[in-house]
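Participant: Predicted model and sequence follow; I will ask about them next.
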Amino acid sequence: MTTEIQALRSFRSPVRAPSVGARASARALVLEASIGTSTRAVKRPSGLRRLVASVVVCAAVVGGAFVVAGGLGGRSGVIERAEAAIDPRGRVLHVVARVVASDGTVSVGESWILPAGTGRTLTRSGPGLPDCLARESGLRCYDAARNVVDVYRYNPAAVEAGKRYAELPGYRIDQPESLHRALHAGYARLVGATELAGRSVWEIQLAVPWLDANGKATPRFDDATSPRLYLDHASYLPVAETFPDAGSTTTYETYEFLSRDARTLRALELPTRPGVRTVVHPVGEAPKG
Amino acid sequence: MGTKSSEAEAPTSAGFEPLADPDVAAMRRSELDPEAFVEVFDRHFDPVHRYVHRRLGRDLADELAAEVFTQAFRRRSAFDPTSESVLPWLFGIAANLVRRHRRTEVRRLRAYARSGVDAWVELDEAGAVERADADRVGPTLAAALASLSSADRETLTLVVFADLSYEEVGLALGIPAGTVASRLNRARQQLSARLPEHVSRHPEVAS
C-alpha cells in the first residue's frame, strides 16, 4: 500500500540528470570563482577594458626592471634589490589605478591579481559602474543597486583569438619573465630616463602585438598606438602608463604584492549582499556603458 | 625514485588528525587553496541539481544549482569546520535560493495539478513506468504541495527529495530538530488529507 511519503518520493523522481553542458557551465563558474584563470584582456567592454588592460600590462612590466637595470649598465646589486622588491611569486599583486580618459573622465580601479597562470583580477571601478571579476572566459560584474551579479561570457572564438595574442612576448601577465622576454624579443624598448610629474622614471615603449593573416607575430612600434610605461627610477615599480590610441593615462597610486593569505584571497571575491541574484547574459553580450 | 609527496609527509598525529569527511577537509583546504572547493562541487552538484529540478524544473535548476556552489564558495569561511557533512549546508543554500522562487514553484505546481502535465520537469526515459504510476497521483500531489506553507514544503522536500535526516534539515534551515518534526507532521497531515483513499497515511504521523 502506498503511503503519502512513498507517493511523494516517486513524485518527479526520475528527473533527468543535469546535462553535460549545464554541469560543465556550472563547474566553470565555480572553477573561475575558486582559482581564476589568465586575466589576459580579450574583447573586454570599453569602460572596463582599459583599466583592466592597464593593470595586466603593468604587471608584465615589473620584470622589465631587471633588464632595464642591466641595459643601463646597472650597478652591482641593483638587480638583486629590484628582484627582492618586486618578487611576485606566490603573492597577489595589488594595484590601485587612476585612469583619466580622453574626455577627462576619471575612474579609479583597485585590482588583485594572482600570479602567472592562476591570475584573477577584481576591478573596482568608479561611481556608477559595477565591480567586476575579469577572467579569460568573461566577466562577472556586481551591480549593488540591483543586487545582481551579471555574468558576461566572451565569444569562444574571441577567447581563442585572444589566446594567440596572449602568447606573444610582453603580452602576458606572468610578471618578471614577460617584459624580460618582451625586451629580448623586440616587443618592448627602453626609451630612456626622464621625469614624470616631478619624479625620475624610466620610460618604456611597448610594441603593439600584431598577427598577420598567416598568424605570424610581429611587433609594431607606433607612436600613435604603442603604450608608454613609466617605472620609478629607484624602485622600478610602475608609476604611470599612457595609451596614445585611447588618449588615456593611468596613474598607479598603489602597486604592491600581498601575501597569499585568506584575507587577500577574500579580497578577490565580489562583495555581494544577501539575496543576490545571478543573471547570465548571452555569449558575446557585453556590459552596457 | 623515492620521492615523497608532501601529503605523505603530512603529520597524522601530534594534534593534526586527518579529517574523516573529505568534503569537510576540502572546505577547510579551500580557505587557502580555493581550487580545493571544486572537489565539493564534483561530488555534490548532481544531487543539488536534482533537488532543485524536482522543485522548480530544469531551467531554474541549471541556474540555481550553479549559484548554490558559487555562493557556497563565497561563503565558505562561514562553514562550520566541525560539521560532519557539507551536504546540509549546501542544501540549506539551495533551499534559500529556491525560496526566492516560491511563487514560481506554486504556480507551476498548480498548473500541473490543473492540466495533468508537468511541463517544467524533464523526466528520464528510464523512469517511464514509474512516471506512469506516479502520474496517477502526480497532479494531486502537486496540488497538495502547492497548498503547503513555504516553510512546510521546504522541510518536507528536504527530507523526501534530498534524503536529509531531521537533524540535517535542522542544520540546513537553522531550526531545531523539534521544529523540523512539527513541520513534517503538519505537512504530512495536509498531504494525506488530499490524497486518494488508496494512499494510506504514513505510520509515523498516526496520532
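Facilitator: Arrived safely. Residues are numbered from 1 along each chain as shown, chains lettered A, B, ... in the order given.

Participant: Pretty sure B:V106 sits against B:A144.
Facilitator: No - in this structure B:V106 lies outside contact range of B:A144 using CB atoms under 8 Å: 11.8 Å. Bear in mind the C-beta positions are built from the backbone N, C-alpha and C, glycine included.

Participant: any common contacting residues for these two?
Facilitator: Applying CB atoms under 8 Å, 6 or more residues apart in numbering or on different chains, one finds that no residue jointly contacts B:V106 and B:A144.

Participant: Between the two, point out the one with more neighbours.
Facilitator: More crowded of B:V106 and B:A144, by other CB atoms under 10 Å in any protein chain shown: B:A144, with 25 against 17.

Participant: where does the chain have its least confident helix or strand?
Facilitator: Went with chain A since none was named. For chain A, using mean pLDDT, DSSP states H and E, the weakest element among its helices and strands is helix A:64-71, scoring a mean of 30.

Participant: Next: chain B.
Facilitator: Every helix and strand of chain B was ranked by mean pLDDT, DSSP H and E. The lowest is helix B:6-9, at a mean of 31.

Participant: A:A286 against A:D150, yeah?
Facilitator: No - here A:A286 lies out of contact with A:D150, judged by CB under 8 Å, at a distance of 10.4 Å.

Participant: What is the burial count for A:P287?
Facilitator: 18.

Participant: Please read the previous query as pertaining to B:G92.
Facilitator: Neighbours of B:G92 under the rule other CB under 10 Å: 21.

Participant: tally of neighbours for B:T82?
Facilitator: B:T82: 6 neighbours (other CB under 10 Å).

Participant: From chain A, how far off is B:S182?
Facilitator: 16 Å (CB to the nearest CB, to the nearest Å).

Participant: Please read the previous query as pertaining to B:R194.
Facilitator: Distance from B:R194 to chain A, by CB to the nearest CB: 9 Å.

Participant: Flag the shaky bits of chain B, pLDDT-wise.
Facilitator: Where chain B drops to pLDDT under 70, the residues are B:1-20, B:31-33, B:124-135, B:197-207.

Participant: re the thing from before, which of A:A286 and A:D150 has more residues huddled nearby?
Facilitator: Using other CB under 10 Å, the more surrounded residue of A:A286 and A:D150 is A:D150, with 20 against 17.

Participant: Am I right that the more buried one falls within a strand?
Facilitator: Yes - A:D150 forms part of a strand when assessed by DSSP: H, G, I helix; E, B strand; the rest coil.

Participant: What's opposite it in the beta bridge?
Facilitator: Judged by DSSP bridges, the bridge partners of A:D150 are A:C141, A:V279.

Participant: Just confirm it contacts A:D143, I think it does.
Facilitator: Yes - using CB under 8 Å, A:D150 is in contact with A:D143, at 6.4 Å.

Participant: Please write out the alpha-carbon positions of stretch A:4-12 in CSV.
Facilitator: Taking C-alpha atoms only, stretch A:4-12 is exported to CSV below (Å, rounded to 0.1, in the frame of the first residue of the first chain):
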residue,chain,number,x,y,z
GLU,A,4,1.8,9.7,1.2
ILE,A,5,5.6,9.8,1.7
GLN,A,6,6.2,6.9,-0.7
ALA,A,7,4.0,8.7,-3.2
LEU,A,8,5.9,11.9,-2.7
ARG,A,9,9.2,10.0,-3.1
SER,A,10,8.1,9.0,-6.5
PHE,A,11,6.9,12.5,-7.4
ARG,A,12,9.1,13.7,-10.1
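
Participant: Looking at it now, give me its mean pLDDT.
Facilitator: Averaged over stretch A:4-12, pLDDT sits at 84.

Participant: Just confirm yes or no for it near chain B.
Facilitator: Yes - contact of stretch A:4-12 with chain B (CB under 8 Å from any CB of the partner chain) involves A:E4, A:I5, A:A7, A:L8, A:R9, A:S10, A:F11, A:R12.

Participant: And that stretch, what's buried?
Facilitator: Across stretch A:4-12, burial judged by 16 or more other CB atoms under 10 Å in any protein chain shown covers A:E4, A:I5, A:A7, A:L8, A:R9, A:S10, A:F11, A:R12.

Participant: Sitting in strands, which of the residues you listed do you find?
Facilitator: Among the buried residues of stretch A:4-12, none falls in strands (DSSP state E).

Participant: A:V95: what secondary structure?
Facilitator: The three-state label given to A:V95 by three-state DSSP is strand.

Participant: what pLDDT does it get?
Facilitator: Listed pLDDT for A:V95 reads 83.

Participant: And the longest helix along chain B, what does it pack against?
Facilitator: Assignment by DSSP state H gives helix B:37-56 as the longest helix of chain B. Under the contact criterion of 3 or more CB pairs under 8 Å, 6 or more residues apart in numbering or on different chains; DSSP states H and E, helix B:37-56 touches helix A:20-34, helix B:22-29, helix B:58-74, helix B:87-99, helix B:102-115, helix B:150-160.

Participant: and the angle from the fifth one to helix B:37-56?
Facilitator: Following axes from the mean of the first three to the mean of the last three CA atoms, to 10 degrees, one obtains 40 degrees for the angle between helix B:102-115 and helix B:37-56.

Participant: if we can go back for a sec, helix A:20-34 and the longest helix of chain B, what's the angle between them?
Facilitator: Using the same axes, to 10 degrees: helix B:37-56 against helix A:20-34 is 130 degrees.

Participant: any idea of the angle helix B:37-56 forms with helix B:22-29?
Facilitator: Interaxial angle, helix B:37-56 versus helix B:22-29 (the same axes, to 10 degrees): 120 degrees.

Participant: between helix B:37-56 and helix B:58-74, how many degrees?
Facilitator: Orientation check (the same axes, to 10 degrees): helix B:37-56 against helix B:58-74 gives 140 degrees.

Participant: quick one: buried residues of helix B:37-56?
Facilitator: Neighbour counts over helix B:37-56 (16+ other CB under 10 Å) mark B:37-41, B:44-45, B:47-56 as buried.

Participant: give me every residue that touches B:L87.
Facilitator: Counting by CB under 8 Å, 6+ apart, B:L87 makes contact with B:D23, B:H44, B:P47, B:A162, B:L164, B:E168.

Participant: anything in stretch B:154-168 near chain A?
Facilitator: Yes - looking at stretch B:154-168 against chain A by CB under 8 Å from any CB, the contacts come from B:L156, B:V160.

Participant: what about that stretch, start to end distance?
Facilitator: End-to-end distance of stretch B:154-168: 13 Å, with CA to CA, to the nearest Å as the criterion.

Participant: what about chain A, any weak spots by pLDDT?
Facilitator: A:1-2, A:32-91, A:114-130, A:134-138, A:157-182, A:209-217, A:260-262, A:265, A:289.

Participant: can you give me the helices for it?
Facilitator: Ranges of helices in chain A, per DSSP H, are A:4-10, A:20-34, A:46-61, A:64-71, A:78-86, A:156-166, A:176-185, A:262-266.

Participant: Spell out which parts of the stretch 1-150 of chain A neighbour chain B.
Facilitator: Residues of the stretch 1-150 of chain A that fall close to chain B, judged by CB under 8 Å from any CB: A:1-5, A:7-19, A:22-23, A:25-27, A:29-31, A:33-35.

Participant: Is there a quick ChimeraX command that grabs whichever of these are buried?
Facilitator: Buried residues within those, by 16+ other CB under 10 Å, are selected in ChimeraX with:
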select /A:2,3,4,5,7,8,9,10,11,12,13,14,15,16,18,22,23,25,26,27,29,30,31,33,34,35
